[in-house]
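In: Whatever this is, show me its structure:
(4 chains)
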2 protein chains.
Amino acid sequence: MLSIGDLSKRTGVKVPTIRYYEQMGLIEAAERSEGNQRRYERHDLERLAFIRHARDLGLDIPAIRELIALSQHPDLPCVNADRIAADHLVAVREKIEKLKKLEHELERIISHCDGHSIEDCYVIRALSDHGLCEGEH
Amino acid sequence: MLSIGDLSKRTGVKVPTIRYYEQMGLIEAAERSEGNQRRYERHDLERLAFIRHARDLGLDIPAIRELIALSQHPDLPCVNADRIAADHLVAVREKIEKLKKLEHELERIISHCDGHSIEDCYVIRALSDHGLCEGEH
DNA sequence: ATAATTCCTCCAGTGACTAGAGCTTCAAGA
DNA sequence: TCTTGAAGCTCTAGTCACTGGAGGAATTAT
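Out: Prediction:
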């Protein structure tokens, strides 16, 4: 039997976050001690590790809820789980593309600036005048 | 003289967002018509375009506030403006790196799944067992 | 003159936590 | 057994950059 603090230390998930996950329905409401404190078992440790891992991969809470629901029906086909992961991969790739464009644009703006006065500052000028940009954004 | 709706159409910034920027001190409180409606001029159009552009580049509101303040002192050296842009570039690069790791991990997880039942689903198994991961995350 | 559109302010919601107030329970040492 | 300090409890509010809606006033078009 683990206290919420023990569970937190073992998983690296902060105490308030565990309570938040309970509230969001990702973790079942834990049993309570006589004094109303949450008590957890191995089962909860695994569930929380699953959630943590999914969050680290950037999945949002509705997606995690769905994955948990799916994982409780071992006999179903796993296309839905695969779809969630694949959709997320697409979203991650889109974000990378956007950020690469930003990176490129920022590099260009910074490298054009000679570091003298604000008056001639390419950073400021580029922001003021979209015409100085290369890509569309 | 432009209404807030005109300004919105010309800049692509939504009406409530313009009011929000005013509240955040990025735009000066506009003059008002007799009936208390905001009236803008070319000056405001430029300011809003500047803000929009900076937001598109991913700069946050405090950074934009600082850039605006700097831009109003043309005689100052522009190292501070350059620093804001450079710091942001570093942050963008870090985000890209993180997302690339995620992309890689998701690709691996998805490609390992044979698409049969949840019981054997690699997506679910990988989430349950961090030991199946390659990188640290 | 009337109708349709746009504007106003104020308040609440988004996602995924995080922090604090004020109180209760637990665990360890004296 | 008593005490004390840490950890737990609930509830509320704050984060960031908006976004949306209610309810009412002003403006514009017909």
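In: where does the residue most central in space within chain A land on pLDDT?
Out: With distances taken as Cα atoms, centre = their mean, the residue of chain A nearest its centroid is residue A:58 (3.3 Å). Reported pLDDT at residue A:58 in the predicted model: 93.
In: Whether stretch A:68-87 contacts chain B - can you check?
Out: Yes. Stretch A:68-87 comes into contact with chain B (Cβ under 8 Å from any Cβ of the partner chain), by way of A:70-71, A:73-79, A:81-82, A:84-86. Placement of C-beta: from N, CA and C, glycine included.
In: Hmm, residue A:27 and residue A:61 touching each other?
Out: No. If you go by Cβ atoms under 8 Å, residue A:61 and residue A:27 don't touch, sitting 11.6 Å apart.
In: of those two, who's got more company?
Out: More crowded of residue A:61 and residue A:27, by other Cβ atoms under 10 Å in any protein chain shown: residue A:27, with 20 against 15.
In: The residue nearest to that one when sequence neighbours are not counted: what's it in contact with?
Out: Distance criterion Cβ to Cβ, 6 or more residues apart in numbering or on different chains; nearest residue to residue A:27, sequence neighbours excluded, is residue A:21 at 4.9 Å. The contact partners of residue A:21, by Cβ atoms under 8 Å, 6 or more residues apart in numbering or on different chains, come to A:13, A:27, A:48, A:51.
In: picking up where we left off before, widest-spaced pair of the residues of stretch A:68-87 next to chain B?
Out: A:75 and A:86 (21.7 Å; Cβ to Cβ).
In: Let me know the secondary structure of the nearest residue to residue A:108 once chain neighbours are set aside.
Out: In this structure, residue A:108 finds its nearest non-sequential neighbour in residue A:134, 6.4 Å apart by Cβ to Cβ, 6+ apart. What DSSP: H, G, I helix; E, B strand; the rest coil gives for residue A:134 is coil.
In: tell me the angle of the strand or helix carrying residue A:108 relative to helix B:79-112?
Out: Per DSSP states H and E: residue A:108 is located in helix A:79-112. Per axes from the mean of the first three to the mean of the last three Cα atoms, to 10 degrees, the angle that helix A:79-112 makes with helix B:79-112 is 150 degrees.
In: list the helices and strands helix A:79-112 packs on?
Out: Helix A:79-112 is packed against helix A:61-71, helix A:122-128, helix B:79-112, helix B:122-128, with contacts defined by 3 or more Cβ pairs under 8 Å, 6 or more residues apart in numbering or on different chains; DSSP states H and E.
In: quick one: average pLDDT of that helix?
Out: For helix A:79-112, mean pLDDT rounds to 94.
In: and the angle for that helix with helix A:61-71?
Out: Using the same axes, to 10 degrees: helix A:79-112 against helix A:61-71 is 150 degrees.
In: Check the offset of helix A:79-112 from the chain's centre.
Out: Remark: helix A:79-112 is offset 14 Å from the chain centroid, using Cα atoms, centre = their mean, to the nearest Å.
In: can you check stretch A:31-42 too?
Out: Here stretch A:31-42 is found 29 Å from its chain centre; the criterion is Cα atoms, centre = their mean.
In: check whether it contacts chain B.
Out: No. Counting by Cβ under 8 Å from any Cβ, no contacts exist between stretch A:31-42 and chain B, the nearest distance being 12.9 Å.
In: Now do the same for the residue nearest to residue A:27: its pLDDT.
Out: pLDDT, residue A:21: 97.
In: try residue A:129
Out: 78.
In: repeat for residue A:133
Out: For residue A:133, pLDDT reads 72.
In: next one: residue A:137
Out: 64.
In: Residue A:126 too?
Out: Turning to residue A:126, the model gives it a pLDDT of 91.
In: and it, what is it in contact with?
Out: Applying Cβ under 8 Å, 6+ apart to residue A:126 gives the contacts A:109, A:112, A:132-133, B:53.
In: repeat that with 6 Å
Out: Counting by Cβ atoms under 6 Å, 6 or more residues apart in numbering or on different chains, residue A:126 touches A:109, A:132.
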